[in-house]
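1. Show me how the following folds:
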Amino acid sequence: LEVRIITPYTFTYYENDIKENDLVLVVTQSGLSTNAIEALKIIKKKECKAICLTGNKNSDVKDVADVVIEYGVGEELVGYVTKGVSSLALFLDLFAIAYSGKTEYLDELKKAADLNEEMIDRATNFIQRHYKNFTSMSWVYSCGAGANYGTALESALKMGETIHIPSCCYEIEEYIHGPNLQLTPQYNVIFFDGNDGASRRVEQVYKATRKVSNRAYLISNNPQLSSDDHVLSLSDTVSSELCPLVYLPFVQLLSFIVSNDLHSIYQHPLLKEFKAIAAAKTENFVNYDGDD
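-> Sure thing, here's the model as predicted:
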C-alpha cells in the first residue's frame, strides 16, 4: 500500500484530501503539539475518525481525538526525546507486521533491535575517535536515501536543535547537484548507507567528498570499507527498510555528547519571546532541558 508522510502543518492547510478507506494517523509524542491538534480538528471536520498515536494518552490530544493510541515510549525526562523516535519506528514496524500477518519479518526486526544496542557502543567509540572534528563543527550536512532519508532528516533536526549549528538534510544524489559546490575542508558531511542496490553510489559520493574534506563520515556495513577510519559499521546487516532503527543511536549520541560537552543545548534568552508569539506546544508542555 502507498504510505505518505505529511507534516501536520502541510496536512492542515494544503494536503488533506482524505479518500474512502484511507487510514490517517496523527503522531505526536508529547500529545501537546499544536500542529498535531490542528490536524486532528481538520480530520474531524471532514467527518472522519481522528486517530492519534502518542506517547501520552492523557495529554491534551485526548480532548480532540476520537481514538488515542499510546505507542509505549513512556515518559522522557530530557528534551532530546531520543526514545520517542526509536520506539515510534519500532512500533510502526510491529504495526505493519501485525496487520500484514507476515510474522516472518519478526526475526529481522529483532536483529535490528539488537544492532540498535550494538550501535550505542560502537557510535560512542567512533565519536570519541573523531572528537576534535565533531566538537568543532560549524555546520553539517546529513545525506541519505530511501528509508535512510528519514534517518538523515532526524540527524539534521537533532543536531540543529541541540548543537545549535546550521544543519541541512539532502538526498544523496541531490547533494551533488548543487549543495556540494560550496564544500571546503571545513565542511562536515554524514552519509547513511542503506546496504542496498544504491550502496555503491553512496560510497562513491562519500569518497568524492573525502577528497575535499576530512570531515566526511559514512554509516555503513560494507566489510570492504572496514579499514576506513571514517566508516562506522556493525557486526551484521539488516534490510534497508530497518536501517533507520539501527542507525538512530549514532545520530542521538552525536547530538547528545557534543551539545552536552559544549553546553550548547541552552537557548538564547530571546527565544522566550519567540515562543510567546508562536508556540509549538500547548501551555501544559514541560521542557526538561530547563528552557521555557
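
2. before we move on, which element is the residue nearest the centre of the chain in?
-> Centre of the chain computed as the mean C-alpha position; nearest residue by C-alpha atoms, centre = their mean is residue 154, 2.5 Å away. Element membership of residue 154, judged by DSSP states H and E, is helix 148-162.

3. what's the answer for residue 106, then?
-> Going by DSSP H and E, residue 106 is part of helix 106-129.

4. Give me the packing partners of that helix, helices and strands only.
-> Counting contacts by 3 or more C-beta pairs under 8 Å, 6 or more residues apart in numbering; DSSP states H and E, helix 106-129 is packed against helix 82-100, strand 231-232, helix 243-262. To be clear about C-beta, it is placed using only N, CA and C from the backbone, and glycine gets the same treatment.

5. which sections of the stretch 151-292 of the chain are below the confidence cut-off?
-> Low-confidence segments of the stretch 151-292 of the chain (pLDDT under 70): 286-292.

6. one more time with 50
-> 290, 292 (pLDDT under 50).

7. moving C-terminal of the helix holding residue 106, what's the next helix or strand?
-> Next in sequence after helix 106-129, counting helices and strands by DSSP H and E, comes helix 131-134.

8. Going by neighbour count, list what's buried in that next one.
-> Under the neighbour-count criterion of 16 or more other C-beta atoms under 10 Å, helix 131-134 has 133-134 buried.

9. What's the mean pLDDT across that helix?
-> For helix 131-134, the mean pLDDT works out to 98.

10. quick one on the thing from earlier: for the helix holding residue 154, packing partners?
-> Using 3+ C-beta pairs under 8 Å, 6+ apart, helix 148-162 sits against strand 140-144, strand 167-171, strand 188-192, helix 243-262.

11. between the ones you listed, which one is nearest to residue 61?
-> When those are compared by C-beta to C-beta, helix 243-262 sits nearest residue 61, at 24.3 Å.

12. in the helix or strand just after the closest one, what counts as buried?
-> Toward the C-terminus, helix 243-262 is succeeded by helix 271-277 as the next helix or strand (DSSP H and E). Of the residues in helix 271-277, residue 275 count as buried by neighbour count, 16+ other C-beta under 10 Å.

13. Let me know the secondary structure of residue 218.
-> In three-state terms, and counting by DSSP: H, G, I helix; E, B strand; the rest coil, residue 218 is strand.

14. Who is it paired with across the strands?
-> Residue 218 has these beta-bridge partners by DSSP bridges: residue 191, residue 231.

15. Can you report how many residues neighbour residue 252?
-> Neighbourhood size, residue 252 [other C-beta atoms under 10 Å]: 23.

16. Name the nearest residue to it, ignoring sequence neighbours.
-> residue 82 (4.1 Å; C-beta to C-beta, 6 or more residues apart in numbering).

17. ok, back up a step: list the buried residues in the helix holding residue 106.
-> 109, 111-112, 115-116, 119, 122-123, 126-127.

18. can you check stretch 149-166 too?
-> So for stretch 149-166, counting by 16+ other C-beta under 10 Å, buried means 149-160, 162-163, 165.

19. picking up where we left off before, TSV for the buried residues of helix 106-129, including distance to residue 216 and pLDDT?
-> TSV is the format used below for those (distance: C-beta to C-beta, whole Å; pLDDT from 0 to 100):
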residue	distance to residue 216	pLDDT
109	31	95
111	28	95
112	26	95
115	23	95
116	24	94
119	19	96
122	18	96
123	17	97
126	14	98
127	15	98
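
20. Just name the closest of the residues you listed to residue 218, please.
-> residue 126 (11.0 Å).

21. per the record, what domains does this protein have?
-> Listed by automatic domain parsing, the domain ranges of the chain are 8-70, 111-262.

22. Residue 50: which of the buried residues of stretch 149-166 is nearest?
-> Among the buried residues of stretch 149-166, and counting by C-beta to C-beta, the member closest to residue 50 is residue 150, at 24.5 Å.

23. before we move on, back to that, please state the offset of the helix holding residue 154 from the chain centre?
-> 5 Å (C-alpha atoms, centre = their mean, to the nearest Å).

24. okay, the angle between it and helix 82-100?
-> 160 degrees (axes from the mean of the first three to the mean of the last three C-alpha atoms, to 10 degrees).

25. got the contact list for helix 148-162?
-> 5, 80, 85, 137, 140-144, 165-171, 190, 192-194, 240, 243-244, 247-248, 251-252, 254-256, 258-259, 264-265 (C-beta atoms under 8 Å, 6 or more residues apart in numbering).
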